[in-house]
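S.K.: I need the structure of the sequence given here:
(2 chains)
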Protein chains: 2
Amino acid sequence: MGSQPNVGNAPHVVILGAGFAGLAAARALRRAPVRITIVDRRNHHLFQPLLYQVATAALNPADIAYPIRSVLRSQQNARTILARVTGIDLSQRRVDLLDGSLTYDYLLVATGATHSYFGKDEWEAWAPGLKTIEDALEIRRRVLSAFEAAERLPDDTHLLETLTFVVVGAGPTGVELAGALSEIGRLTVAKDFRRFDPRRLRVVLVEGADRVLPPYSPKLSADAQRQLERLGVEVRTAARVTRIDQSGVWLGDEHIAARTVLWAAGVAASPLGKALMVPVDRAGRVTVEPDLSVPGHPNVFVVGDLMHRVQGEQALPGIAPVALQSGHHAAKNIRALVTGRATMPFRYRDKGSLATIGRAAAVGKVGKVELSGYLAWWLWWLIHIAYLIGFRNRIVVMMGWAWQYFAFSRGARLITGRSWEPNRPPDPPKV
Amino acid sequence: MGSQPNVGNAPHVVILGAGFAGLAAARALRRAPVRITIVDRRNHHLFQPLLYQVATAALNPADIAYPIRSVLRSQQNARTILARVTGIDLSQRRVDLLDGSLTYDYLLVATGATHSYFGKDEWEAWAPGLKTIEDALEIRRRVLSAFEAAERLPDDTHLLETLTFVVVGAGPTGVELAGALSEIGRLTVAKDFRRFDPRRLRVVLVEGADRVLPPYSPKLSADAQRQLERLGVEVRTAARVTRIDQSGVWLGDEHIAARTVLWAAGVAASPLGKALMVPVDRAGRVTVEPDLSVPGHPNVFVVGDLMHRVQGEQALPGIAPVALQSGHHAAKNIRALVTGRATMPFRYRDKGSLATIGRAAAVGKVGKVELSGYLAWWLWWLIHIAYLIGFRNRIVVMMGWAWQYFAFSRGARLITGRSWEPNRPPDPPKV
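M.R.: Numbering: from 1, shown residues only, chains lettered A, B, ... in the order given. I've put the predicted structure just below:
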């Protein structure tokens, strides 16, 4: 890997992944007597909770993404490298990269998870998911192109299916996408077209469980469904998707004709979980010890969405607060080991969670108090702004939202990427 | 094309291209008794003078691009369609689209120009040009990836060529790019890397003529060169590029080893100029009558960068003020024809022009007064903000620049698009 300005004899901590968990760990080690190398195949940390806002044209990619090396600029014991990890050899304490390798004294794996099509990977071509900036731009392109295609239709025969958007999965991401799509048609582009009324769009939210936002209480689920329906979203619970293709979505025998289908269901852990050759759960997440280390390897930790850890009766969910707390805790345990102390078990402190639905619509709980509507939405907004990394981004995102809220406008309504070819079904995404 | 809400019997004006010229024409016809259809293959109007700021990570795409149908939202006699034009039949008064056709009473062609590689199209793979949002994002990706690759080098053997950026062509775009590249290395990312000092970057600006910014006076050219050199840019005038490949640029026998080469030379008119089957100049621009109509077709106008029109001793340059004024003028002439009056000859009023070089560095003239340095830069800044379409964009761009100026930071430093693969030469761009 060449000469390092900060080599010395300090133990080498390698962190894989610069999401919430990896960055929290790197920062928690800023005064520790270690050398840190953080590896990511992207040059930016992504504020994933707001990714749906890029997909729905409210925010720019750079509003929610920040160069990793800027975040760590002043942390002299950390260096960042842009690389693709191809394997991990726990016995040799080595991480293999596409173009080299790294040896470590302590390893922290925080490479997260992506969506899963439950074995139906052919659905991805027709129903893209939302995990990266590129995913968000592809979804934005498809959503805006649907309205453009409607403007070019020779008659009304195919208008409804062109303006139908199906979102599969009613977890937080699915609920946010469905609410935002409805607002785009009913508010943002309402006056932009001449041939049709964009308010005629149809948004269908499909969920396999018997209610939306299953991790919340039944009361909050009912509140969320009411708020979605007020925004014009059709909610279909206890509905199993059996097929997705160019023509739309099948729920058993029922066919929903739709030009645009978005996927917000399923979780598949990063393949690096399996590459560790230790026990994983069905989604590929690594079952960790109470101190977040890997069984049999006290110097290797797995945190964030890639970690499987049961607390109380349930596995900890793949959400940002769990990632932040587990990354921070594993770093503290590495620091303990380096200084000859014992590691401590991890305990997640649930401070609450909020799911937004649309303008002034949200549900959630703070501690044991359940909230919904306007107050929940304001709280959601404040918390997300407060957590956004980088002062500049905070101002710009606040301004973007204020503008959008008062003017019903969305600033990032660009169709970029592939050229416009009308009346053609969306292409399978590049693999 | 299906039913139109605003059909009526009013004459049909078809405008091809929603750049400065096409949009200026559409707006000038807002109270005319005509139906307007504006056709573009992009959904956004692009503020091209600031495109280099996206390429150099200072601005977001959405800061300088705005949905065409938002611009024309309240203009009830205009509709926008997203389509690709495949041909024009002047005798049948018909525009052929990839998926349909349009008949017109009046046609205004404003599809502009792109860069030209003087017959060496194979150079494009190694030296991308800057005309679209996608071009800008590709250049941004290459520039930021060069620094990442330097951080991954095993030793210093290839450091200099990895950090060498060659810009071909010292017109306004080339000068802006060279100045901005130098600032990225010397200011923006100066403290972000551990293995090398980004201030060691080398920026070479190559120009075939004997001075930079040839359209300006020799004194302003000398001022501009001095300001570029103060920013650390190596200026090579009277230098002819004979070859570009993976290893860099050849000027005759001299080889400049460079990982990153950018192209800012040459002009090739849109192919729709030749498709009209009327006389064109060497670059493919259409020679127009004094009233901007096409010889023999008084109902067809060509404006903006696609137009060839000599005024005084020189052909009018392909710049935004010429596009705005010619688009506006052609629209007035269409209005005259519709209401039975005679058309008027076009006369370009040169109010001056400015070229920016870097922080507080610019040259230009206003009327007959020549300016350079700080004052020219402030004026450039004010004029460009004033012309940007859309209130939101003005505030966001102003904030982005203010932030960049005071914090030496660039907010849009994302590497997106293709995955990271280190130590590999840049791919040929998709065609």
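
S.K.: contacts and neighbour counts: CA atoms only from here.
M.R.: Noted.

S.K.: Which of the helices or strands spans the residue of the stretch 101-250 of chain A found nearest chain B?
M.R.: Nearest residue of the stretch 101-250 of chain A to chain B (C-alpha to the nearest C-alpha) works out as residue A:154 at 4.1 Å. Secondary structure from DSSP states H and E places residue A:154 outside every helix and strand.

S.K.: Could you measure from it over to residue B:317?
M.R.: For residue A:154, the distance to residue B:317 (C-alpha to C-alpha, to the nearest Å) stands at 40 Å.

S.K.: where are the low-confidence patches of chain A?
M.R.: A:1-8, A:388-412, A:414, A:416-431 (pLDDT under 70).

S.K.: Mind doing that once more with 80?
M.R.: Of all residues in chain A, those with pLDDT under 80 make up the ranges A:1-8, A:359-360, A:381, A:384-431.

S.K.: sorry, back to before: now the residue of the stretch 101-250 of chain A closest to chain B. Its backbone dihedrals?
M.R.: phi -70, psi -30 (degrees, to the nearest 10).

S.K.: So which bits of stretch A:309-322 are buried?
M.R.: A:309, A:316, A:317, A:318, A:320, A:321, A:322 (16 or more other C-alpha atoms under 10 Å in any protein chain shown).

S.K.: Now distance to chain B and secondary structure too, for those residues, in CSV please.
M.R.: Formatted as CSV, the buried residues of stretch A:309-322 follow (distance: C-alpha to the nearest C-alpha, whole Å; DSSP: H, G, I helix; E, B strand; the rest coil):
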residue, distance to chain B, secondary structure
A:309, 31, coil
A:316, 31, coil
A:317, 28, coil
A:318, 25, coil
A:320, 22, helix
A:321, 25, helix
A:322, 26, helix
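
S.K.: Same list (these) but as JSON lines, adding distance to residue A:24.
M.R.: Listed next are the buried residues of stretch A:309-322 as JSON lines, based on distance: C-alpha to C-alpha, whole Å:
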{"residue": "A:309", "distance to residue A:24": "18"}
{"residue": "A:316", "distance to residue A:24": "18"}
{"residue": "A:317", "distance to residue A:24": "18"}
{"residue": "A:318", "distance to residue A:24": "15"}
{"residue": "A:320", "distance to residue A:24": "11"}
{"residue": "A:321", "distance to residue A:24": "11"}
{"residue": "A:322", "distance to residue A:24": "11"}
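
S.K.: What distance do you get for residue A:233 to residue A:133?
M.R.: In terms of C-alpha to C-alpha, residue A:233 sits 25 Å off from residue A:133.

S.K.: cool, and residue A:353?
M.R.: Separation of residue A:353 from residue A:133 (C-alpha to C-alpha) stands at 24 Å.

S.K.: ok, those two, which is more surrounded?
M.R.: residue A:133 (24 against 18; other C-alpha atoms under 10 Å in any protein chain shown).

S.K.: Looks like residue A:276 contacts residue A:88 (just checking).
M.R.: Yes: when contacts are counted by C-alpha atoms under 8 Å, residue A:276 is listed as touching residue A:88 (6.3 Å).

S.K.: If you count surrounding residues, which of these two has more?
M.R.: Set side by side, residue A:276 and residue A:88 show more neighbours around residue A:88, with 22 against 17, by other C-alpha under 10 Å.

S.K.: how far away is the more buried one from residue A:104?
M.R.: 11 Å.

S.K.: Over to residue A:329?
M.R.: 19 Å.

S.K.: Please say which of the two ends up with more neighbours.
M.R.: residue A:329 (25 against 21).

S.K.: where does the more buried one land in three-state SS?
M.R.: Recorded secondary structure, residue A:329: helix (DSSP: H, G, I helix; E, B strand; the rest coil).

S.K.: thinking it is in contact with residue A:346, fair?
M.R.: Yes: judged on C-alpha under 8 Å, residue A:329 makes contact with residue A:346 at a distance of 6.6 Å.

S.K.: which bits of the stretch 101-250 of chain A sit near chain B?
M.R.: A:133-134, A:148, A:151-155, A:191-195 (C-alpha under 8 Å from any C-alpha of the partner chain).

S.K.: Between which two of those residues is the distance greatest?
M.R.: Farthest-apart pair in these is A:133 and A:155; separation 35.2 Å (C-alpha to C-alpha).

S.K.: Tell me which stretches of chain A form helices.
M.R.: Secondary structure of chain A (DSSP state H): helices located at A:20-28, A:51-55, A:68-71, A:133-152, A:159-162, A:172-183, A:218-230, A:272-275, A:320-338, A:374-387, A:391-407.

S.K.: need those helices in CSV with distance to residue B:40, can you?
M.R.: Shown next, in CSV, are those (distance: least, C-alpha to C-alpha, whole Å):
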stretch, distance to residue B:40
helix A:20-28, 41
helix A:51-55, 23
helix A:68-71, 38
helix A:133-152, 12
helix A:159-162, 21
helix A:172-183, 25
helix A:218-230, 36
helix A:272-275, 45
helix A:320-338, 42
helix A:374-387, 37
helix A:391-407, 26
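
S.K.: Determine which of the ones you listed approaches residue A:94 most closely.
M.R.: helix A:272-275 (12.4 Å).

S.K.: pull the CA atoms of that closest one into CSV?
M.R.: Extracted in CSV, the C-alpha atoms of helix A:272-275 (Å, rounded to 0.1, in the frame of the first residue of the first chain):
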residue,chain,number,x,y,z
LEU,A,272,-18.9,-9.6,3.2
GLY,A,273,-20.9,-11.1,6.0
LYS,A,274,-20.8,-14.6,4.4
ALA,A,275,-17.1,-14.0,3.4
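
S.K.: from the chain's centre, how far out does that helix sit?
M.R.: 20 Å (C-alpha atoms, centre = their mean, to the nearest Å).

S.K.: Next, the buried residues of that helix.
M.R.: Buried residues in helix A:272-275 (16+ other C-alpha under 10 Å): A:272, A:273, A:274.

S.K.: which residues does the last one contact?
M.R.: Looking back up the chat, that one is residue A:274. Residues in contact with residue A:274 (C-alpha atoms under 8 Å, 6 or more residues apart in numbering or on different chains) are A:280, A:284, A:285, A:286.

S.K.: Turn those residues into TSV, columns for neighbour count.
M.R.: Formatted as TSV, the contacts of residue A:274 follow (neighbours: other C-alpha atoms under 10 Å in any protein chain shown):
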residue	neighbour count
A:280	18
A:284	20
A:285	27
A:286	31
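
S.K.: how far away is the closest residue to residue A:292 other than its chain neighbours from residue A:94?
M.R.: Once flanking residues are discounted, residue A:292 sits nearest to residue A:301: 5.6 Å by C-alpha to C-alpha, 6 or more residues apart in numbering or on different chains. Residue A:301 is 14 Å from residue A:94, where distance means C-alpha to C-alpha.

S.K.: In terms of packing, which of the two has more residues around it?
M.R.: residue A:301 (27 against 17).

S.K.: I figured the more buried one was touching residue A:287, is that so?
M.R.: No: contact criterion C-alpha under 8 Å: residue A:301 and residue A:287 do not qualify, at 10.5 Å.

S.K.: Could you name every residue contacting both of these two?
M.R.: Joint contacts of residue A:301 and residue A:287 (C-alpha under 8 Å, 6+ apart) are residue A:294.

S.K.: re the thing from before, and for residue A:88 and residue A:104, which residues touch both?
M.R.: Shared contacts of residue A:88 and residue A:104, defined by C-alpha under 8 Å, 6+ apart, comprise A:94, A:95.
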